[in-house]
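> take a look and give me a structure for this.
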Amino acid sequence: MSQNSFFGHAQAQHMQGGAGELAFIINQLTSKMQTVTLVKVVKVHGIGVNPVGNVDVQPLVAQLDGSGGIMPHGIIHNIPYFRLQGGKNAVIIDPEIGDIGLCAFASRDISQVKQKRAAAAPKSRRRFDFADGLYLGGFLNGAPEQYVLLNNAGIKLFSPKKIEIEAINININGKTTINGSLSQTGGGAATFSGSLKATGNLESDRDVVASGKSFLNHTNGGMGLD
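Residues are numbered from 1 along each chain as shown. Reported below is the predicted structural model:
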């Protein structure tokens, strides 16, 4: 009987006993062990300033049946995704639908740890299973539209929409150039410990006070300010 007349993963050499049969059994058992694979994100749960959420993913390397037919993988649900975080400090870049990333599969059942977010015994005896995946994003994706770029030229923070910085105190140490308009819409008075130089018009919708003298309400004695 020719090899092509066999259906399934077993071939003629596997049916003759001995090392061939043993190798087939071992191969079948180890094929059930998941290690790492590329996946696509199909749904995201728990984004923004929240505890780290999870994603539903689909493995991208399709399955092959015994006759060589291609069979896509199903969806793996409730996979925790990676966030760069230390204590209460984090960089929040949530996964999005369509992202391609890496899914690594734990050697034991991690479902209890996922639920409690603390040390726990395995809930079952499964090992290297699809259900115990962990998602790390950022493989084979396209060019970003907003980003933080770090290279030998320096650091660039770019967004096509808006960049918002919020803190009780913000310090800028160094020469600062603003290419565009500057407005102050709230808070206290703007304070400058050095000189303020304007190469264009310096305009104010309200009064300007210099050395205690009002530009709006001052009286001119003929030479400068009184």
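> quick one: contacts for Phe139?
38, 100-102 (CB atoms under 8 Å, 6 or more residues apart in numbering). The C-beta positions use only the backbone N, C-alpha and C, and glycine is treated the same way.
> from these, pick the one nearest Gly142.
Ile100 (9.6 Å; CB to CB).
> how about that closest one: what's its closest non-neighbour residue?
Nearest non-adjacent residue to Ile100, counting by CB to CB, 6 or more residues apart in numbering: Leu140, 4.5 Å away.
> would you quantify the distance from the one you found to Gly133?
Counting by CB to CB, to the nearest Å, the gap from Leu140 to Gly133 is 18 Å.
> out of these two, which sits in the busier spot?
Gly133 (26 against 11; other CB atoms under 10 Å).
> of the contacts of Phe139, which is the most crowded?
Neighbour counts for these peak at Gly101, which has 21 neighbours (criterion: other CB under 10 Å).
> mind listing what the most centrally placed residue in the chain touches?
Central residue of the chain (CA atoms, centre = their mean): Ile93, 3.3 Å from the mean position. By CB under 8 Å, 6+ apart, Ile93 lies in contact with 83-84, 137.
> which helix or strand contains it?
Counting by DSSP states H and E, no helix or strand carries Ile93.
> what about the helices in this structure?
18-30, 111-116 (DSSP state H).
> which of those comes out lowest on mean pLDDT?
Lowest mean pLDDT within these: helix 18-30, a mean of 68.
> enumerate the positions of the lengthiest strand in the chain that are buried.
As assigned by DSSP state E, the longest strand anywhere in the chain is strand 36-45. If you call a residue buried by 16 or more other CB atoms under 10 Å, then strand 36-45 has these buried ones: 37, 39-41, 44.
> can you lay out the residues you listed as a markdown table showing distance to Ile168 and pLDDT?
Converted to a markdown table, the buried residues of strand 36-45 look like this (distance: CB to CB, whole Å; pLDDT from 0 to 100):
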| residue | distance to Ile168 | pLDDT |
| --- | --- | --- |
| Thr37 | 45 | 95 |
| Val39 | 41 | 97 |
| Lys40 | 41 | 98 |
| Val41 | 36 | 98 |
| Val44 | 32 | 97 |
